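Participant: My questions are about this predicted structure, shown below with the sequence.
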Amino acid sequence: MNLDIPISSTILCYLVNRRCVMKSERIFINYSPADTMLAEQIRDVLLRQDISVYLPPAGSSAEAAVAAVEKMEQIVREGGIMLTVLSADSVKEDLFISNFQYMCELAGERRVMLIYRVGEVKDDASIALYYTQSVIVQADKEDAPAFQALITQAKRLLGLEKSRSWIPRRVNPKLTRKLICITFFAALGLGIIWYLIRASGTQQNESALPTPTPVVEPTPMSGESVDQQLIVAYEDHSFDFEVQDDPQEEAPFTFQPAFITKTISFDDPEYDSSYDNKELSVFDTGAGGFGGRTSLFQKEGVLQVTYTVPDYLKQRGSAQVGIKHLFTLSDTSYIGIRFRIPDYEGWTNAGESITGYFDFCIGGYGCQSIIGFDLVQQLMDIEDGKSFELGTSWHVLELRLDAEKNGIEIYLDGDYVKMTTNISDKNQYNYIQLNFPYDATTDWVNFYLDEVRYGGDHELHFAQIPGDAPFHFSVEPLTVVEDFDTYPLVFVFNQGAQYTELLDGVLRFDIPNGENSSTDVELQTQIGSIFQANYYAIRYRIFNTGPEYWSGWGGLEMWLLPNEDIRDRYAGIVLSRYHPNFTIYLGPHKEFFLEGTDDNSPFGLWHTLEMVLMPSSEDSASYGIQLWHDGYFVMEGEIDSTIGIIDSDQLTWAINLRTGSDAMNNFSGEIDEIRAGYISPDLTEELE
């Protein structure tokens with residue numbers, strides 16, 4: 001067969017069922033001639049990750065410009081992105097700027113730009129307008145380039161890895177069925193003016209036809225489509241700021257719990273001028289999510305949260321900044337947050353309220369606002385029209401959690417504010433988030449955090465020995481018990497047995513690094529039906545084998561398959577190998593995700609994962625999955641009835657240990673016990 005394949009294409013072929021799959025380019029690398037060597041390094045790194053790349057030739061010939069335009073249009077059509085090498089040299093190059101602007105214009109509101117920033121870059125006003133559509137990776141200060149972070153962000157933007165920045169707003173089965181993904185592409189209303197340049201050597205030839213080059217000038221349109229002041233705000237806005245006063249001296253915490261169990265501060269200089277220390281996450285709902293209207297910026301121990309909402313996004317969602325640490329009312333009785341609201345420097349909303357909220361979120365059931373604040377008037381809303389004046393100074397918001405009363409006492413600067421009740425059960429994971437509804441502002445608004453701390457009456461407890469790691473459910477009788485005392489095992493190995501050994505009543509695994517593709521250990525056993533076993537659990541520990549390089553879907557997985565021969569329909573739960581990030585898979589394109597911090601599941605200590613299938617409280621014909629970790633409820637969701645799990649009488653239970661694409665570190669740990677059994681639906685009250 002004669003295939004007409006352009007020489008400029010990057011072709012990656014894989015043997016999949018004896019077929020060769022050809023990949024078109026997913027990433028356009030935009031760079032200046034001065035950065036050619038670095039651009040080629042990045043290309044080679046991405047190709048080793050099986051990500052196809054288009055690297056245009058250096059220079060500015062007319063033919064190259066036309067080819068670049070065509071390639072950008074193709075990549076955008078196919079859901080690809082641009083990777084821009086941003087340096088002090090590149091911002092001086094007209095073609096570099098034009099390519100950058102043109103790609104963003106093509107993509108509309110979709111986040112399409114991955115910026116690799118090298119050193120300090122000034123005079124970037126010509127492209128700063130589009131930073132809200134960009135993910136920025138700062139090159140390391142040392143000689144070693146930050147390619148690990150670049151690979152991670154590229155895969156996330158291309159949808160090759162699930163982003164860790166999503167926190168579910170609701171997992172009520174009735175509501176989850178109604179959830180839809182709103183994709184809203186809105187033109188920024190910027191005029192696109194094409195200029196023509198003459199090819200080199202043809203300037204003397206008056207008959208030569210000029211060739212278009214992708215030059216885009218961000219000229220504001222009339223107020224009919226985009227407010228001119230908004231364009232000015234975008235171009236002039238700087239995320240840099242000056243830290244005001246001494247936060248700790250101006251606003252000391254009032255209450256001192258017996259134990260401080262977790263402190264989140266922003267004083268690690270490694271993350272200055274950026275933010276990536278895995279303690280917070282950002283999620284924009286509605287169309288704003290595709291424009292990246294929220295930004296985090298750390299400086300001198302303070303975190304600045306900045307967000308904006310153009311006119312056309314109003315009432316279309318909200319931005320959440322999640323504080324990822326998970327806590328329960330049984331281990332946490334105090335939360336303190338030091339914050340400040342700066343002067344409002346906008347103009348279009350000076351007479352309106354721009355409200356933000358601190359939300360108390362129950363891991364699997366959504367969030368409720370516990371206190372609100374006005375970012376323009378600098379007030380904290382209480383209730384019944386009452387408010388506290390905040391001004392622009394530092395304050396502490398302190399929450400005293402009462403498990404017996406199922407409530408929160410709220411204090412501002414040591415003064416009692418109010419009581420909120422009906423918050424959570426003591427056996428449920430919770431988290432705190434900042435919530436900014438998209439209902440008011442067309443100007444940039446700032447909010448500052450200095451420290452978040454958690455405390456309780458005792459230190460956090462984790463199991464040093466297997467017997468101290470609790471299962472939440474006591475199930476009798478158990479239909480499956482694998483205690484790894486001796487061979488033969490109840491489970492059989494599908495693959496990876498050579499990476500395991502029985503040792504003193506545990507199954508020890510040490511799986512070699514994936515070398516950019518996952519290496520697996522898989523065990524499985526036959527269950528029958530969910531009426532024989534609807535409860536599945538494992539007691540385990542994971543060893544720290546080195547700093548995270550690239551996890552690439554790696555972790556501990558439990559799956560239910562309709563039978564052992566069907567591998568494309570499944571439901572189950574996943575725990576990431578490096579961080580306590582939890583996922584429930586309920587069917588095709590149906591999953592929930594919740595992030596924790598390293599303090600929620602320390603390396604080297606014993607933990608438990610439990611998965612329970614129960615009828616829905618609203619429809620007995622529908623079933624849901626609940627995920628429990630260390631005896632605490634994490635979240636739940638309803639299974640897609642089309643995957644055949646509920647009706648099957650040949651269920652297969654599989655446990656996978658996956659390295660992911662980590663090319664540096666082995667995946668090591670131990671499993672002490674695997675168990676399964678049946679829980680009567682009469683016990684649903686225990687699950688709620």
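Facilitator: Looks like it arrived, so ask away.
Participant: I'd assumed residue 43 was in a strand, is it?
Facilitator: No - Residue 43 is assigned helix when assessed by DSSP: H, G, I helix; E, B strand; the rest coil, not a strand.
Participant: That one and residue 29 touch, don't they?
Facilitator: Yes - contact criterion Cβ atoms under 8 Å: residue 43 and residue 29 qualify, at 6.1 Å. C-beta here means a position set from N, CA and C on the backbone, and glycine is covered the same way.
Participant: Which one of those two is surrounded by more residues?
Facilitator: Neighbour comparison, residue 43 and residue 29: the larger count goes to residue 29, with 23 against 19 (by other Cβ atoms under 10 Å).
Participant: Count the residues that sit near residue 567.
Facilitator: Around residue 567 there are 12 other residues, counting by other Cβ under 10 Å.
Participant: pLDDT score for it?
Facilitator: pLDDT, residue 567: 71.
Participant: before we move on, the earlier item: okay, and the common contacts of residue 43 and residue 29?
Facilitator: Common neighbours of residue 43 and residue 29 (criterion: Cβ atoms under 8 Å, 6 or more residues apart in numbering): 53, 55.
Participant: element containing residue 356?
Facilitator: Secondary structure from DSSP states H and E places residue 356 in strand 355-362.
Participant: ok now that strand, how far from the chain's centre?
Facilitator: Put simply, strand 355-362 sits 19 Å off its chain's centre (Cα atoms, centre = their mean, to the nearest Å).
Participant: contacting residues around that strand?
Facilitator: Under Cβ under 8 Å, 6+ apart, the answer for strand 355-362 is 167, 320, 322, 337, 367-375, 381, 397, 408, 420, 423-424, 428-437, 439-440, 447.
Participant: Strands along the stretch 51-200 of the chain, start to end?
Facilitator: Under the criterion DSSP state E, counting those that start in this stretch, strands of the stretch 51-200 of the chain are mapped to 53-54, 81-86, 113-117, 134-138, 195-197.
Participant: so which of those comes closest to residue 482?
Facilitator: Comparing these against residue 482 with Cβ to Cβ, the closest turns out to be strand 134-138 (43.0 Å).
Participant: got the angle for that closest one vs strand 81-86?
Facilitator: Angle between the axes of strand 134-138 and strand 81-86 is 40 degrees (criterion: axes from the mean of the first three to the mean of the last three Cα atoms, to 10 degrees).
Participant: Sheet partners, orientation included, of strand 134-138?
Facilitator: The pairing partners recorded for strand 134-138 under DSSP bridges are strand 113-117 (parallel).
Participant: tell me the mean pLDDT over the partner strand?
Facilitator: Here the average pLDDT along strand 113-117 is 88.
Participant: Which residues does that strand contact?
Facilitator: Around strand 113-117, the neighbours that count as contacts under Cβ under 8 Å, 6+ apart are 27, 42, 81-87, 100, 103-104, 107, 130-131, 133-139, 146, 150, 153-154, 157.
Participant: Equivalent analysis for stretch 258-276, please.
Facilitator: Under the contact criterion Cβ under 8 Å, 6+ apart, stretch 258-276 has outside partners 136, 138, 149, 240, 277, 279-280, 296-303, 323, 325, 327, 331-332, 449-460, 597, 599.
Participant: Same check on stretch 338-345?
Facilitator: So stretch 338-345 is in contact with 241, 244, 247-248, 251, 253, 350, 354, 373, 375-376, 378, 390, 392-397, 443-452, going by Cβ under 8 Å, 6+ apart.
Participant: on contacts alone, who are the packing partners of the longest helix seen in the chain?
Facilitator: Ranked by number of residues, the top helix in the chain under DSSP state H is helix 62-77. Contact partners of helix 62-77 among helices and strands, from 3 or more Cβ pairs under 8 Å, 6 or more residues apart in numbering; DSSP states H and E: strand 27-30, strand 81-86, helix 94-107, strand 211-213.
Participant: Return the set of buried residues in it.
Facilitator: Judged by neighbour count using 16 or more other Cβ atoms under 10 Å, the buried positions of helix 62-77 are 62, 65, 67, 68, 69, 71, 72, 75, 76.
Participant: any idea which element residue 370 lies in?
Facilitator: strand 366-374.
Participant: actually residue 626, not the one I wrote
Facilitator: Take DSSP H and E as the rule and residue 626 turns out to sit in strand 623-629.
Participant: got the CA coordinates for that strand in PDB?
Facilitator: Extracted in PDB, the C-alpha atoms of strand 623-629 (Å, rounded to 0.1, in the frame of the first residue of the first chain):
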ATOM      1  CA  TYR A 623     -26.400   0.600  42.600                       C
ATOM      2  CA  GLY A 624     -23.700   2.900  43.800                       C
ATOM      3  CA  ILE A 625     -20.000   2.500  44.900                       C
ATOM      4  CA  GLN A 626     -18.800   3.900  48.200                       C
ATOM      5  CA  LEU A 627     -15.100   4.400  48.800                       C
ATOM      6  CA  TRP A 628     -13.700   4.200  52.400                       C
ATOM      7  CA  HIS A 629     -10.100   4.900  53.500                       C
END
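Participant: Name the surrounding residues that touch it.
Facilitator: Here strand 623-629 makes contact (Cβ under 8 Å, 6+ apart) with 173, 364, 429, 472-473, 530, 571-573, 575, 580, 582, 584, 586, 600-601, 607-616, 633-639, 645-646, 687.
Participant: Quick check: neighbours of that strand in the sheet, parallel or antiparallel?
Facilitator: Applying DSSP bridges, strand 623-629 is found paired with strand 607-615 (antiparallel), strand 632-638 (antiparallel).
Participant: Buried residues of stretch 493-507, list them for me.
Facilitator: Neighbour-count burial for stretch 493-507, counted by 16+ other Cβ under 10 Å, picks out 494, 496, 499, 500, 506, 507.
Participant: who's in contact with the fifth one?
Facilitator: Listed by Cβ under 8 Å, 6+ apart, the contact set of residue 506 reads 466, 484, 670, 671, 672.
Participant: What separation do you get for it and residue 493?
Facilitator: From residue 506 across to residue 493, the span is 16 Å (Cβ to Cβ, to the nearest Å).
Participant: thinking again about what came up before, in helices, which of the contacts of stretch 338-345 fall?
Facilitator: Using DSSP H, the contacts of stretch 338-345 in helices are 247, 248.
Participant: Just the buried subset of the contacts of stretch 338-345, please.
Facilitator: 247, 251, 253, 354, 373, 375-376, 378, 390, 394-397, 443-452.
Participant: Adding distance to residue 555 and mean pLDDT, write the helices and strands packed on helix 62-77 out as CSV.
Facilitator: Below are the helices and strands packed on helix 62-77 laid out as CSV (distance: least, Cβ to Cβ, whole Å; pLDDT from 0 to 100):
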stretch, distance to residue 555, mean pLDDT
strand 27-30, 26, 93
strand 81-86, 26, 92
helix 94-107, 32, 84
strand 211-213, 47, 33
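Participant: Done for today, thanks.
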